[in-house]
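Q: Give the three-dimensional model of this entry:
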Amino acid sequence: MNMLQNFSFLIIILNIFLAITVIFLERRNASSTWAWLMILFFIPILGFVLYLMLGQKMRKRQLNKLLGENRRIIEEALEKQSDMLKSRELLPSDSGMAEYQDMMYMNLTTSYALYTNNNAIDIFTDGNRKFDQLLADIEKAENHIHLIYYIVRDDELGRRLMDALVKKASEGVEVRFLYDHIGSLALPRRYFRALRAAGGKEAAFFPSRIPFLNLKINYRNHRKLAIIDGRIGYIGGFNVGNEYLGLNKHFGAWRDTHLKVQGGAVLQMQAQFIMDWNLAAATKMPLGAGYFPYPHGINGIIGMQLVASGPDTEYQEIKNAYIKMIYAAKETICLQTPYFVPDESLMTALRIAALSGVKVSIMLPDKPDHFFVYWATHSYLGELLASGAKVYLYERGFLHAKTLVVDGKVASVGTANLDIRSFKLNFEMNAFIYDEDTAAELADIFGDDAESCRELTMEDYRNRPLFNRFRESISRLLSPIL
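A: This next block holds a predicted model:
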């Protein structure tokens with residue numbers, strides 16, 4: 001009996017200590033604080049383990065020390081461009097984009113996002129076309145191939161990609177493959193055996209150092225980047241697996257958005273890859289000139305910034321850029337995301353836009369792939385509908401695109417979902433595009449997708465089953481830590 005009492009007393013002391021940590025030391029926002037206090041109160045032992053794995057904040061000082069030298073190399077260029085933007089000396093190639101120079105300045109000063117206006121873009125919404133083109137570009141690689149993917153599977157698509165990489169590595173092309181340890185948890189080590197034998201390199205991002213206990217499980221590299229010879233870059237939502245080709249019976253057709261980029265913006269992807277690689281790999285990469293060739297032979301005129309965010313950064317840069325775009329909207333906002341768990345600032349921006357007469361249209365998948373996130377998403381829709389926004393539920397397979405288009409002028413495509421996890425915890429990267437033709441094309445794609453949707457009306461929402469409301473309420477309470 002005394003042993004049981006002592007154990008209970010120890011649990012109480014641990015819970016008090018964690019509560020003090022959450023409230024006074026971590027300095028979280030109120031909603032996240034209450035969510036963790038609920039977990040610690042109702043499930044004290046399991047809650048302690050969950051906090052160790054999911055609740056600890058990333059120590060930015062250590063990350064910044066690792067990344068500091070690389071960032072200092074870029075700072076001279078940032079300072080020069082910052083001065084040009086402040087003095088209005090750097091004008092976008094599209095004169096209609098001048099109104100977004102304050103947004104460019106914010107992205108530059110908070111996210112090291114250099115503005116380039118010599119880019120060409122191809123948009124992919126089908127996984128077969130995207131990977132066929134990527135494999136064709138890999139086949140033409142002459143110097144290096146750098147890849148980051150969150151999910152990599154040892155299936156038909158995964159083996160096609162690996163065979164192409166092994167072939168190029170055996171020809172002397174430098175191949176580096178960075179994958180997320182948790183996202184690719186089922187990936188067998190043998191997957192990289194042939195690549196290593198051919199001279200290629202692979203690294204896992206934040207792997208577990210203790211079996212079955214990863215204290216960095218909450219901080220994942222969710223980026224999907226491919227850089228070939230420093231001249232071609234890919235960014236978007238597609239991971240590596242058969243489901244992204246529409247071959248999964250549960251999800252069916254897979255609807256995503258990915259970009260192929262040529263021009264100066266590719267060099268920003270390259271810099272990000274090197275920094276991510278140096279966080280994960282034992283052998284570090286230099287920011288050498290060979291990885292940053294001068295972009296020639298590209299007839300691009302598209303303005304772009306590549307904005308990265310994560311637990312290593314001071315601000316929630318991608319979220320802030322979204323909010324800046326939303327507040328700048330005069331006519332239309334078209335948003336596609338698989339997960340919609342916004343914080344108060346983003347929700348307020350969308351509601352104010354809708355209440356101001358801006359046509360706000362949000363498209364979400366009709367089928368869930370993560371139970372709690374799906375129902376948390378639906379808990380926010382009533383507020384948007386009441387503000388005058390339109391909500392579309394995509395029925396033709398699964399919608400995984402992360403796209404925002406404002407006024408048919410400026411757009412964002414990238415890896416970040418519209419949820420708290422993507423904005424605060426994951427390492428993400430989005431392309432912000434200042435070009436009316438590209439924005440118009442993405443808006444047209446949104447319109448085509450709407451034909452495969454059913455519109456959720458306020459009447460539908462009010463008449464939803466009581467059990468759905470219960471699931472939404474529980475998931476909403478947990479949304480700050482999902």
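
Q: which residues touch the residue most central in space within the chain?
A: Nearest residue to the geometric centre of the chain (Cα atoms, centre = their mean): Ala416, 2.4 Å. Contacts for Ala416 (Cβ atoms under 8 Å, 6 or more residues apart in numbering) come out as 222, 309, 318, 402, 422-423, 426, 428-430. All C-beta atoms are positioned from the backbone trio N, CA, C, and that covers glycine.

Q: Next step: the residues you listed restricted to strands.
A: Residues of the contacts of Ala416 located in strands (DSSP state E): 309, 428-430.

Q: and which of these is nearest to Asp126?
A: Asn430 (20.6 Å; Cβ to Cβ).

Q: What sits closest to that closest one if chain neighbours are left out?
A: Gly414 (2.8 Å; Cβ to Cβ, 6 or more residues apart in numbering).

Q: How about residues contacting the one helix or strand Leu385 maps to?
A: In this assignment (DSSP states H and E), Leu385 forms part of helix 381-387. Residues from elsewhere that reach helix 381-387 (Cβ under 8 Å, 6+ apart): 340, 347, 350-351, 354-355, 360, 362, 391, 456-458, 461-462.

Q: run the last query once more with 7 Å
A: 347, 350-351, 354-355, 362, 391, 456, 458, 461 (Cβ atoms under 7 Å, 6 or more residues apart in numbering).

Q: Out of these, which end up buried?
A: With burial judged by 16 or more other Cβ atoms under 10 Å, the buried subset of these is 347, 350-351, 354, 362, 391, 456, 461.

Q: Mind checking which of those residues are in strands?
A: Short answer: the buried ones among the contacts of helix 381-387 in strands (DSSP E) are 362, 391, 456.

Q: where does this structure dip in pLDDT?
A: 1-95, 209-216, 289, 478-482 (pLDDT under 70).

Q: per-domain residue ranges of it.
A: 60-92+117-302, 317-481 (automatic domain parsing).

Q: from the ones you listed, which stretch is densest packed?
A: Highest mean neighbour count among the domains of the chain (mean count of other Cβ atoms under 10 Å): domain 317-481, with a mean of 20.

Q: quick revisit: out of the contacts of Ala416, which comes closest to Asp155?
A: Using Cβ to Cβ, the contacts of Ala416 come closest to Asp155 at His222, 20.3 Å.

Q: where's the nearest residue to Ile274 once chain neighbours are set aside relative to Leu178, distance?
A: Leaving aside its sequence neighbours, Ile274 sits nearest to Met285 (Cβ to Cβ, 6+ apart; 4.9 Å). Met285 sits 11 Å away from Leu178, going by Cβ to Cβ, to the nearest Å.

Q: Val266 too?
A: Val266 is 17 Å from Leu178, by Cβ to Cβ.

Q: swap in His146?
A: Distance from His146 to Leu178, by Cβ to Cβ: 8 Å.

Q: Same question for Gly158.
A: Distance from Gly158 to Leu178, by Cβ to Cβ: 15 Å.

Q: Was I right to think Leu393 contacts Leu364?
A: Yes: taking Cβ atoms under 7 Å as the definition, Leu393 is a contact partner of Leu364 at 5.9 Å.

Q: Ok, which of the domains of the chain comes nearest Asn107?
A: domain 317-481 (5.8 Å).

Q: Measure how far the closest one is from the centre of its chain, please.
A: 14 Å (Cα atoms, centre = their mean, to the nearest Å).

Q: same question, stretch 167-176
A: 28 Å.

Q: Stretch 126-145 now?
A: 21 Å.

Q: Export only the CA atoms of that stretch, formatted as PDB.
A: C-alpha atoms of stretch 126-145 as PDB (Å, rounded to 0.1, in the frame of the first residue of the first chain):
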ATOM      1  CA  ASP A 126      -1.400  14.700 -61.600                       C
ATOM      2  CA  GLY A 127       1.200  12.400 -60.000                       C
ATOM      3  CA  ASN A 128       1.900  10.400 -63.100                       C
ATOM      4  CA  ARG A 129       2.800  13.500 -65.100                       C
ATOM      5  CA  LYS A 130       4.800  15.000 -62.200                       C
ATOM      6  CA  PHE A 131       6.900  11.900 -61.700                       C
ATOM      7  CA  ASP A 132       7.400  11.200 -65.400                       C
ATOM      8  CA  GLN A 133       8.800  14.700 -65.800                       C
ATOM      9  CA  LEU A 134      10.900  14.400 -62.600                       C
ATOM     10  CA  LEU A 135      12.400  11.100 -63.800                       C
ATOM     11  CA  ALA A 136      13.100  12.600 -67.200                       C
ATOM     12  CA  ASP A 137      15.000  15.500 -65.600                       C
ATOM     13  CA  ILE A 138      16.900  13.100 -63.400                       C
ATOM     14  CA  GLU A 139      18.000  11.200 -66.400                       C
ATOM     15  CA  LYS A 140      19.500  14.400 -67.900                       C
ATOM     16  CA  ALA A 141      21.300  15.300 -64.600                       C
ATOM     17  CA  GLU A 142      25.000  16.100 -65.100                       C
ATOM     18  CA  ASN A 143      26.300  17.200 -61.700                       C
ATOM     19  CA  HIS A 144      24.000  16.600 -58.800                       C
ATOM     20  CA  ILE A 145      20.600  15.500 -57.600                       C
END
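
Q: Please report the distance of Ile318 from Val307.
A: On the measure of Cβ to Cβ, Ile318 and Val307 end up 6 Å apart.

Q: Need the residues touching each of the two.
A: By Cβ under 7 Å, 6+ apart, the residues touching both Ile318 and Val307 are Asn430.

Q: Give me the helices and strands touching the host helix or strand of Ala271, please.
A: Per DSSP H and E: Ala271 is located in helix 265-280. Applying 3 or more Cβ pairs under 7 Å, 6 or more residues apart in numbering; DSSP states H and E, we find helix 265-280 packed against helix 60-86, strand 144-149, strand 174-180, strand 201-205, strand 225-228, strand 232-236, strand 302-309.

Q: the inter-axis angle of it versus strand 302-309?
A: 10 degrees (axes from the mean of the first three to the mean of the last three Cα atoms, to 10 degrees).

Q: how far off strand 174-180 does helix 265-280 point, in degrees?
A: 70 degrees.

Q: For helix 265-280, C-alpha coordinates in CSV please.
A: C-alpha atoms of helix 265-280 as CSV (Å, rounded to 0.1, in the frame of the first residue of the first chain):
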residue,chain,number,x,y,z
ALA,A,265,14.3,30.6,-57.2
VAL,A,266,15.9,27.2,-57.6
LEU,A,267,18.9,28.5,-55.8
GLN,A,268,16.8,29.2,-52.7
MET,A,269,15.6,25.6,-52.7
GLN,A,270,19.2,24.5,-53.0
ALA,A,271,20.2,26.6,-50.0
GLN,A,272,17.4,25.1,-48.0
PHE,A,273,18.3,21.6,-49.0
ILE,A,274,21.9,22.1,-47.8
MET,A,275,20.8,23.5,-44.5
ASP,A,276,18.4,20.6,-43.9
TRP,A,277,21.0,18.1,-45.0
ASN,A,278,23.5,19.6,-42.5
LEU,A,279,20.9,19.2,-39.7
ALA,A,280,20.4,15.5,-40.5
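
Q: how far is it from where the chain is centred?
A: On Cα atoms, centre = their mean, the centre of helix 265-280 falls 15 Å from that of its chain.

Q: ok, residues contacting that helix?
A: 66-67, 70, 74, 113-114, 116, 119, 146, 148, 176, 178, 203-205, 221, 225, 227, 230-233, 235, 284-285, 287, 291-292, 304, 306, 308, 427, 429, 431.

Q: And the helices in the stretch 101-250 of the chain?
A: 101-111, 127-139, 156-170, 193-197 (DSSP state H, counting those that start in this stretch).
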